[in-house]
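A.B. asks: This is a predicted model, with the sequence first.
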Amino acid sequence: MSDLLLLRFDSADLPEDERFRSYASAMVNFDVERMDAAPFRAAAKVWRVGGLVVAHVQRRTPLLYTRNALRIAQDDADHFYINLHARGWVQATTGRGVARGGAGSLLAIDMRQPCSFMSESRSQVSIAIPRRLLAPRLHDTDPHGVVAEGGMVPLLGRTLEAIVASLDEMDLSHGEAIERLIVDLVAETLTDAMRSPEGRRAGDAAIVDRARAYMEARLAEAIDVATICDGLGVSRSRLYRAFGDRGGVLRQLQQCRLRRMRALLENPGETRAIGELATLCGFASKAHFARSFRREHGLTPGAYRAQCLKAALEPPAASIEAARAFGETVRALS
(Lines give C-alpha, C1' and ligand atoms only; values in the text may rest on other atoms or scores of the structure.)
Protein backbone atom coordinates (compact mmCIF):
# COMPACT_ATOMS: atom_id res chain seq x y z
CA MET A 1 0.00 0.00 0.00
CA SER A 2 1.25 3.50 -0.83
CA ASP A 3 2.70 5.60 2.00
CA LEU A 4 0.68 8.48 0.55
CA LEU A 5 -2.75 6.87 1.09
CA LEU A 6 -4.80 8.59 3.81
CA LEU A 7 -8.25 7.07 3.36
CA ARG A 8 -10.09 4.41 1.44
CA PHE A 9 -13.92 4.54 1.43
CA ASP A 10 -16.46 2.23 -0.18
CA SER A 11 -20.14 2.56 0.64
CA ALA A 12 -20.58 -1.15 -0.13
CA ASP A 13 -18.79 -1.90 3.15
CA LEU A 14 -21.57 -0.20 5.15
CA PRO A 15 -25.26 -0.86 5.87
CA GLU A 16 -27.56 0.96 3.44
CA ASP A 17 -28.80 3.49 6.04
CA GLU A 18 -25.24 4.53 6.99
CA ARG A 19 -23.72 4.98 3.54
CA PHE A 20 -24.63 8.56 2.74
CA ARG A 21 -24.23 9.78 6.34
CA SER A 22 -20.73 8.34 6.51
CA TYR A 23 -19.75 9.87 3.17
CA ALA A 24 -21.19 13.31 4.06
CA SER A 25 -19.41 13.33 7.43
CA ALA A 26 -16.07 13.22 5.60
CA MET A 27 -16.93 16.43 3.67
CA VAL A 28 -15.84 18.59 6.59
CA ASN A 29 -15.89 21.88 4.67
CA PHE A 30 -19.34 21.50 3.09
CA ASP A 31 -22.93 20.78 3.95
CA VAL A 32 -23.96 17.91 1.65
CA GLU A 33 -27.49 17.02 0.53
CA ARG A 34 -28.79 14.22 -1.67
CA MET A 35 -30.66 15.30 -4.80
CA ASP A 36 -32.72 12.12 -5.17
CA ALA A 37 -33.84 9.09 -3.16
CA ALA A 38 -31.93 6.47 -5.15
CA PRO A 39 -29.65 4.11 -3.20
CA PHE A 40 -26.39 5.87 -2.39
CA ARG A 41 -23.22 4.42 -3.87
CA ALA A 42 -19.74 5.92 -3.65
CA ALA A 43 -16.11 4.86 -3.49
CA ALA A 44 -13.11 7.08 -2.84
CA LYS A 45 -9.39 7.09 -2.25
CA VAL A 46 -7.62 10.04 -0.63
CA TRP A 47 -3.86 10.66 -0.67
CA ARG A 48 -1.60 13.23 0.98
CA VAL A 49 0.77 14.42 -1.74
CA GLY A 50 3.31 16.88 -0.34
CA GLY A 51 1.20 19.78 0.88
CA LEU A 52 -1.85 18.72 -1.15
CA VAL A 53 -4.78 16.41 -0.53
CA VAL A 54 -5.80 14.49 -3.66
CA ALA A 55 -9.00 12.45 -3.87
CA HIS A 56 -10.41 10.17 -6.54
CA VAL A 57 -14.18 9.76 -6.10
CA GLN A 58 -16.61 7.57 -8.02
CA ARG A 59 -20.36 7.86 -7.46
CA ARG A 60 -23.61 8.17 -9.37
CA THR A 61 -25.86 9.92 -6.86
CA PRO A 62 -26.29 13.67 -7.56
CA LEU A 63 -25.31 15.75 -4.54
CA LEU A 64 -25.57 19.41 -3.52
CA TYR A 65 -22.55 20.88 -1.72
CA THR A 66 -22.99 24.19 0.14
CA ARG A 67 -20.43 26.38 1.87
CA ASN A 68 -21.96 29.40 3.58
CA ALA A 69 -20.52 32.29 5.58
CA LEU A 70 -21.12 30.55 8.91
CA ARG A 71 -19.16 27.46 7.89
CA ILE A 72 -16.37 29.65 6.49
CA ALA A 73 -16.11 31.42 9.85
CA GLN A 74 -16.20 28.14 11.77
CA ASP A 75 -13.57 26.09 9.94
CA ASP A 76 -11.26 28.89 8.72
CA ALA A 77 -10.15 26.74 5.75
CA ASP A 78 -7.73 28.60 3.50
CA HIS A 79 -7.23 26.58 0.36
CA PHE A 80 -8.49 26.23 -3.18
CA TYR A 81 -10.65 23.25 -4.06
CA ILE A 82 -10.03 22.08 -7.63
CA ASN A 83 -12.47 19.53 -8.98
CA LEU A 84 -12.00 17.77 -12.33
CA HIS A 85 -15.16 15.95 -13.45
CA ALA A 86 -13.87 13.27 -15.76
CA ARG A 87 -17.34 11.76 -16.20
CA GLY A 88 -20.55 13.47 -15.11
CA TRP A 89 -21.59 17.12 -14.75
CA VAL A 90 -21.38 20.05 -12.32
CA GLN A 91 -23.35 23.26 -11.79
CA ALA A 92 -21.88 25.92 -9.50
CA THR A 93 -23.45 29.06 -8.00
CA THR A 94 -21.05 31.74 -6.72
CA GLY A 95 -20.54 35.48 -6.99
CA ARG A 96 -20.04 34.94 -10.71
CA GLY A 97 -23.58 33.62 -11.08
CA VAL A 98 -24.41 30.12 -12.27
CA ALA A 99 -21.98 28.09 -14.38
CA ARG A 100 -22.43 24.55 -15.67
CA GLY A 101 -19.96 22.07 -17.11
CA GLY A 102 -20.18 18.57 -18.52
CA ALA A 103 -17.79 15.67 -18.69
CA GLY A 104 -14.17 16.81 -18.56
CA SER A 105 -14.95 20.18 -16.94
CA LEU A 106 -12.96 21.84 -14.19
CA LEU A 107 -14.48 23.64 -11.19
CA ALA A 108 -12.41 25.96 -8.98
CA ILE A 109 -13.61 27.01 -5.51
CA ASP A 110 -11.93 29.47 -3.13
CA MET A 111 -12.75 28.14 0.33
CA ARG A 112 -12.77 31.68 1.75
CA GLN A 113 -15.84 32.52 -0.36
CA PRO A 114 -19.42 31.19 -0.18
CA CYS A 115 -20.61 28.82 -2.88
CA SER A 116 -22.88 25.94 -3.71
CA PHE A 117 -22.58 23.36 -6.44
CA MET A 118 -24.46 20.32 -7.63
CA SER A 119 -22.63 17.46 -9.25
CA GLU A 120 -23.08 13.98 -10.55
CA SER A 121 -19.58 12.69 -10.98
CA ARG A 122 -19.11 9.10 -11.96
CA SER A 123 -15.42 9.81 -11.78
CA GLN A 124 -13.82 12.95 -10.38
CA VAL A 125 -10.43 14.05 -9.08
CA SER A 126 -10.49 16.66 -6.32
CA ILE A 127 -7.44 18.54 -5.08
CA ALA A 128 -7.15 20.76 -2.00
CA ILE A 129 -4.31 23.22 -2.64
CA PRO A 130 -3.21 25.61 0.15
CA ARG A 131 -3.54 29.26 -0.83
CA ARG A 132 0.17 29.89 -0.22
CA LEU A 133 1.04 27.39 -2.98
CA LEU A 134 -1.44 28.50 -5.64
CA ALA A 135 -2.43 32.16 -5.14
CA PRO A 136 1.01 33.63 -6.02
CA ARG A 137 0.84 31.76 -9.34
CA LEU A 138 -2.55 33.19 -10.39
CA HIS A 139 -1.34 36.75 -11.15
CA ASP A 140 -4.09 38.37 -9.03
CA THR A 141 -6.92 36.58 -10.82
CA ASP A 142 -9.83 35.23 -8.81
CA PRO A 143 -10.77 31.72 -10.01
CA HIS A 144 -13.65 31.24 -7.55
CA GLY A 145 -16.60 29.70 -9.38
CA VAL A 146 -14.77 29.17 -12.67
CA VAL A 147 -16.11 26.22 -14.65
CA ALA A 148 -13.77 25.61 -17.58
CA GLU A 149 -13.78 22.96 -20.31
CA GLY A 150 -11.39 23.98 -23.08
CA GLY A 151 -7.87 25.31 -23.27
CA MET A 152 -5.54 23.35 -21.01
CA VAL A 153 -8.33 21.57 -19.09
CA PRO A 154 -8.18 18.34 -21.16
CA LEU A 155 -4.41 18.12 -20.58
CA LEU A 156 -4.91 18.67 -16.86
CA GLY A 157 -7.63 16.03 -16.79
CA ARG A 158 -5.52 13.37 -18.50
CA THR A 159 -2.55 14.18 -16.28
CA LEU A 160 -4.58 13.94 -13.07
CA GLU A 161 -6.11 10.64 -14.15
CA ALA A 162 -2.60 9.28 -14.78
CA ILE A 163 -1.40 10.57 -11.41
CA VAL A 164 -4.22 9.01 -9.37
CA ALA A 165 -3.74 5.73 -11.25
CA SER A 166 -0.10 5.74 -10.11
CA LEU A 167 -0.32 7.05 -6.55
CA ASP A 168 -0.67 3.62 -4.99
CA GLU A 169 2.79 2.83 -6.34
CA MET A 170 4.38 6.00 -4.95
CA ASP A 171 6.01 6.59 -1.56
CA LEU A 172 6.67 9.72 0.50
CA SER A 173 9.87 10.52 -1.37
CA HIS A 174 7.80 11.29 -4.50
CA GLY A 175 5.34 13.61 -2.75
CA GLU A 176 7.05 16.96 -3.32
CA ALA A 177 7.75 16.29 -7.00
CA ILE A 178 4.13 15.30 -7.65
CA GLU A 179 2.94 18.34 -5.70
CA ARG A 180 4.99 20.66 -7.92
CA LEU A 181 3.68 18.98 -11.06
CA ILE A 182 0.05 19.34 -9.97
CA VAL A 183 0.34 22.94 -8.75
CA ASP A 184 2.22 24.03 -11.89
CA LEU A 185 -0.38 22.53 -14.20
CA VAL A 186 -3.39 23.73 -12.18
CA ALA A 187 -1.96 27.27 -12.07
CA GLU A 188 -1.36 27.36 -15.82
CA THR A 189 -4.80 25.90 -16.54
CA LEU A 190 -6.63 28.42 -14.36
CA THR A 191 -4.58 31.34 -15.66
CA ASP A 192 -5.36 30.27 -19.21
CA ALA A 193 -9.08 29.99 -18.41
CA MET A 194 -9.10 33.48 -16.88
CA ARG A 195 -7.17 35.03 -19.76
CA SER A 196 -10.18 35.29 -22.07
CA PRO A 197 -12.18 38.56 -22.09
CA GLU A 198 -15.12 36.69 -20.59
CA GLY A 199 -12.92 35.27 -17.85
CA ARG A 200 -11.46 38.69 -17.01
CA ARG A 201 -14.90 40.33 -16.86
CA ALA A 202 -16.26 37.54 -14.69
CA GLY A 203 -13.23 37.80 -12.42
CA ASP A 204 -13.66 41.57 -12.07
CA ALA A 205 -17.36 41.18 -11.29
CA ALA A 206 -16.64 38.55 -8.64
CA ILE A 207 -14.07 40.79 -6.91
CA VAL A 208 -16.45 43.77 -7.01
CA ASP A 209 -19.23 41.69 -5.43
CA ARG A 210 -16.89 40.44 -2.71
CA ALA A 211 -15.55 43.93 -2.05
CA ARG A 212 -19.04 45.43 -1.75
CA ALA A 213 -20.12 42.70 0.66
CA TYR A 214 -16.95 43.29 2.69
CA MET A 215 -17.59 47.04 2.80
CA GLU A 216 -21.27 46.74 3.72
CA ALA A 217 -20.45 44.44 6.63
CA ARG A 218 -17.94 46.96 8.05
CA LEU A 219 -19.33 50.42 7.29
CA ALA A 220 -18.81 51.64 10.87
CA GLU A 221 -15.11 50.72 10.73
CA ALA A 222 -12.27 52.90 9.45
CA ILE A 223 -11.60 50.73 6.41
CA ASP A 224 -9.45 51.75 3.46
CA VAL A 225 -8.05 50.15 0.32
CA ALA A 226 -5.32 48.30 2.24
CA THR A 227 -7.89 46.87 4.66
CA ILE A 228 -10.11 45.68 1.82
CA CYS A 229 -7.16 44.08 -0.01
CA ASP A 230 -6.15 42.22 3.14
CA GLY A 231 -9.71 41.08 3.76
CA LEU A 232 -10.19 39.78 0.21
CA GLY A 233 -6.70 38.43 -0.29
CA VAL A 234 -6.11 40.44 -3.49
CA SER A 235 -3.47 42.97 -4.43
CA ARG A 236 -4.08 46.70 -4.60
CA SER A 237 -3.55 46.75 -8.38
CA ARG A 238 -6.05 43.90 -8.86
CA LEU A 239 -8.67 45.68 -6.76
CA TYR A 240 -8.17 48.96 -8.63
CA ARG A 241 -8.44 47.15 -11.96
CA ALA A 242 -11.75 45.50 -10.97
CA PHE A 243 -13.23 48.89 -10.01
CA GLY A 244 -11.67 50.74 -12.94
CA ASP A 245 -14.96 51.47 -14.75
CA ARG A 246 -17.03 51.78 -11.57
CA GLY A 247 -15.64 55.06 -10.25
CA GLY A 248 -12.94 53.60 -8.04
CA VAL A 249 -12.82 51.68 -4.76
CA LEU A 250 -13.29 54.61 -2.39
CA ARG A 251 -16.17 55.92 -4.48
CA GLN A 252 -17.90 52.56 -4.06
CA LEU A 253 -17.28 52.64 -0.31
CA GLN A 254 -18.83 56.11 -0.17
CA GLN A 255 -21.83 54.85 -2.16
CA CYS A 256 -22.32 51.93 0.24
CA ARG A 257 -22.36 54.34 3.19
CA LEU A 258 -24.77 56.71 1.48
CA ARG A 259 -27.12 53.83 0.58
CA ARG A 260 -27.18 52.70 4.21
CA MET A 261 -27.88 56.26 5.38
CA ARG A 262 -30.70 56.71 2.86
CA ALA A 263 -32.35 53.53 4.14
CA LEU A 264 -32.11 54.79 7.72
CA LEU A 265 -33.47 58.26 6.86
CA GLU A 266 -36.36 56.71 4.92
CA ASN A 267 -37.39 54.57 7.89
CA PRO A 268 -40.11 56.39 9.89
CA GLY A 269 -39.35 54.21 12.90
CA GLU A 270 -35.71 55.35 13.03
CA THR A 271 -35.56 58.30 15.43
CA ARG A 272 -31.87 58.57 16.27
CA ALA A 273 -30.07 61.81 15.48
CA ILE A 274 -28.58 62.19 12.02
CA GLY A 275 -25.09 62.69 13.46
CA GLU A 276 -25.32 59.41 15.38
CA LEU A 277 -26.49 57.56 12.27
CA ALA A 278 -23.69 59.10 10.21
CA THR A 279 -21.11 57.78 12.71
CA LEU A 280 -22.66 54.30 12.58
CA CYS A 281 -22.32 54.36 8.79
CA GLY A 282 -18.65 55.31 8.92
CA PHE A 283 -18.71 59.03 8.09
CA ALA A 284 -16.00 61.06 9.81
CA SER A 285 -18.50 63.66 11.04
CA LYS A 286 -22.05 64.90 10.58
CA ALA A 287 -20.72 67.78 8.47
CA HIS A 288 -18.80 65.41 6.21
CA PHE A 289 -21.90 63.30 5.73
CA ALA A 290 -24.11 66.34 5.08
CA ARG A 291 -21.78 67.60 2.34
CA SER A 292 -21.59 64.18 0.70
CA PHE A 293 -25.34 63.67 0.90
CA ARG A 294 -26.21 67.09 -0.52
CA ARG A 295 -23.72 66.66 -3.35
CA GLU A 296 -25.35 63.32 -4.22
CA HIS A 297 -29.04 64.20 -3.74
CA GLY A 298 -29.33 67.97 -3.96
CA LEU A 299 -30.86 68.48 -0.49
CA THR A 300 -29.81 68.23 3.12
CA PRO A 301 -30.20 64.98 5.10
CA GLY A 302 -32.72 66.71 7.39
CA ALA A 303 -34.84 67.84 4.47
CA TYR A 304 -34.69 64.38 2.92
CA ARG A 305 -35.78 62.76 6.20
CA ALA A 306 -38.68 65.22 6.57
CA GLN A 307 -39.74 64.59 2.99
CA CYS A 308 -39.75 60.82 3.55
CA LEU A 309 -41.68 61.14 6.81
CA LYS A 310 -44.32 63.30 5.16
CA ALA A 311 -44.72 60.78 2.34
CA ALA A 312 -45.07 57.95 4.86
CA LEU A 313 -47.83 59.79 6.78
CA GLU A 314 -49.85 60.84 3.76
CA PRO A 315 -52.17 58.20 2.25
CA PRO A 316 -51.43 57.45 -1.37
CA ALA A 317 -53.48 59.19 -4.02
CA ALA A 318 -55.44 56.04 -4.77
CA SER A 319 -56.49 55.85 -1.11
CA ILE A 320 -57.59 59.50 -1.13
CA GLU A 321 -59.73 58.93 -4.20
CA ALA A 322 -61.24 55.81 -2.69
CA ALA A 323 -62.06 57.64 0.54
CA ARG A 324 -63.69 60.51 -1.39
CA ALA A 325 -65.76 58.11 -3.46
CA PHE A 326 -66.88 56.27 -0.34
CA GLY A 327 -67.86 59.54 1.35
CA GLU A 328 -69.89 60.66 -1.63
CA THR A 329 -71.67 57.31 -1.70
CA VAL A 330 -72.57 57.57 1.99
CA ARG A 331 -73.87 61.12 1.55
CA ALA A 332 -76.02 60.03 -1.38
CA LEU A 333 -77.67 57.44 0.87
CA SER A 334 -78.89 60.09 3.31
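C.D. replies: Right, received. Where do you want to start? Numbering: from 1, shown residues only.
A.B. asks: what distance separates stretch 244-259 from the centre of its chain?
C.D. replies: The chain centroid and the centroid of stretch 244-259 are separated by 20 Å under Cα atoms, centre = their mean, to the nearest Å.
A.B. asks: correct me, but residue 44 touches residue 56?
C.D. replies: Yes - contact criterion Cβ atoms under 8 Å: residue 44 and residue 56 qualify, at 6.6 Å. Any C-beta I mention is one placed from the backbone N, CA and C, and that applies to glycine too.
A.B. asks: Just confirm residue 3 is within a helix.
C.D. replies: No - looking at residue 3 with DSSP: H, G, I helix; E, B strand; the rest coil, it is coil, so not inside a helix.
A.B. asks: Tell me who's in contact with residue 107.
C.D. replies: Shown in contact with residue 107 (Cβ atoms under 8 Å, 6 or more residues apart in numbering): 82, 83, 85, 90, 92, 101, 117, 119, 146, 147.
A.B. asks: Doesn't it lie inside a strand?
C.D. replies: Yes - according to three-state DSSP, residue 107 belongs to a strand.
A.B. asks: mind listing the strands for the stretch 1-150 of the chain?
C.D. replies: Ranges of strands in the stretch 1-150 of the chain, per DSSP state E, counting those that start in this stretch, are 5-10, 31-34, 42-49, 52-59, 63-67, 79-94, 97-101, 105-110, 115-130, 147-148.
A.B. asks: for the second one, the distance to its chain's centre please.
C.D. replies: Looking back up the chat, that one is strand 31-34. Taking mean C-alpha positions (Cα atoms, centre = their mean), strand 31-34 and its chain are 18 Å apart.
A.B. asks: One more: the fourth one?
C.D. replies: Relative to the centre of its chain, strand 52-59 is centred 23 Å away, using Cα atoms, centre = their mean.
A.B. asks: average pLDDT across it?
C.D. replies: Average pLDDT, strand 52-59: 93.
A.B. asks: tilt between that strand and strand 5-10?
C.D. replies: 10 degrees (axes from the mean of the first three to the mean of the last three Cα atoms, to 10 degrees).
A.B. asks: re earlier: closest to residue 130 among the contacts of residue 107?
C.D. replies: Nearest to residue 130 out of these is residue 82 (Cβ to Cβ; 11.9 Å).
A.B. asks: partners of that closest one in the sheet?
C.D. replies: For residue 82, the beta-bridge partners are residue 108, residue 127 (DSSP bridges).
A.B. asks: Please report how far it lies from residue 190.
C.D. replies: Using Cβ to Cβ, to the nearest Å, one gets 8 Å for the distance from residue 82 to residue 190.
A.B. asks: Over to residue 144?
C.D. replies: Distance, residue 144 to residue 190, by Cβ to Cβ: 10 Å.
A.B. asks: With residue 72 instead?
C.D. replies: 21 Å.
A.B. asks: Which residue of the two possesses the greater neighbour count?
C.D. replies: The neighbour comparison of residue 72 against residue 190 (other Cβ atoms under 10 Å) goes to residue 190, with 28 against 17.
A.B. asks: residues in contact with that one?
C.D. replies: If a contact means Cβ under 8 Å, 6+ apart, then residue 190 has 108, 138, 141, 143, 146, 148 as its contacts.
A.B. asks: so which strand or helix has it?
C.D. replies: helix 175-194 (DSSP states H and E).
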